[in-house]
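*Asks:* Have a look at this fold, sequence not included:
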């Protein structure tokens, strides 16, 4: 059971880093239009989309990915707490 818990937590942490990479790709021209950027976008945009509906962009600055990352980090901490409580 501990193996499954650690695999889930590691998978969420890897997803968090993929989100960070996708955010940094917005600083590089045409990086999101590459095949690598589109593949990451297919993974990350389902997380960012609900937050984009709630939080409008402030001019050219989109804060919804940051809020999504905070929510994902909060979920990761919750998973760790639950797994530590039951294991």
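*Replies:* The structure has been received and is ready for your questions. It should be emphasised that the depicted structure is a prediction, and the values quoted were computed from it without experimental measurement.
*Asks:* Show the average pLDDT along whatever helix or strand residue 50 lives in.
*Replies:* Residue 50 is part of helix 35-54 when elements are defined by DSSP states H and E. Throughout helix 35-54, pLDDT has a mean value of 95.
*Asks:* And it, what does it pack against?
*Replies:* helix 2-25, helix 64-86 (3 or more Cβ pairs under 8 Å, 6 or more residues apart in numbering; DSSP states H and E). (Glycine included, C-beta is placed from N, CA and C.)
*Asks:* Redo those as CSV? Include distance to residue 38.
*Replies:* Compiled in CSV, the helices and strands packed on helix 35-54 are given as follows (distance: least, Cβ to Cβ, whole Å):
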stretch, distance to residue 38
helix 2-25, 10
helix 64-86, 17
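*Asks:* and of these, who's closest to residue 45?
*Replies:* helix 2-25 (8.5 Å; Cβ to Cβ).
*Asks:* buried stuff in the closest one?
*Replies:* Across helix 2-25, burial judged by 16 or more other Cβ atoms under 10 Å covers 5, 16, 19, 22, 23, 25.
*Asks:* Measure how far that helix is from the centre of its chain, please.
*Replies:* Its chain's C-alpha centre lies 8 Å from the corresponding centre of helix 2-25 when counted by Cα atoms, centre = their mean, to the nearest Å.
*Asks:* List the residues that contact the nearest residue to residue 21 once chain neighbours are set aside.
*Replies:* Among residues not flanking residue 21 along the chain, residue 40 sits closest, at 6.4 Å (Cβ to Cβ, 6 or more residues apart in numbering). Going by Cβ atoms under 8 Å, 6 or more residues apart in numbering, residue 40 touches 18, 21, 22, 25.
*Asks:* one more time with 7 Å, if that's ok
*Replies:* Counting by Cβ atoms under 7 Å, 6 or more residues apart in numbering, residue 40 touches 18, 21, 22.
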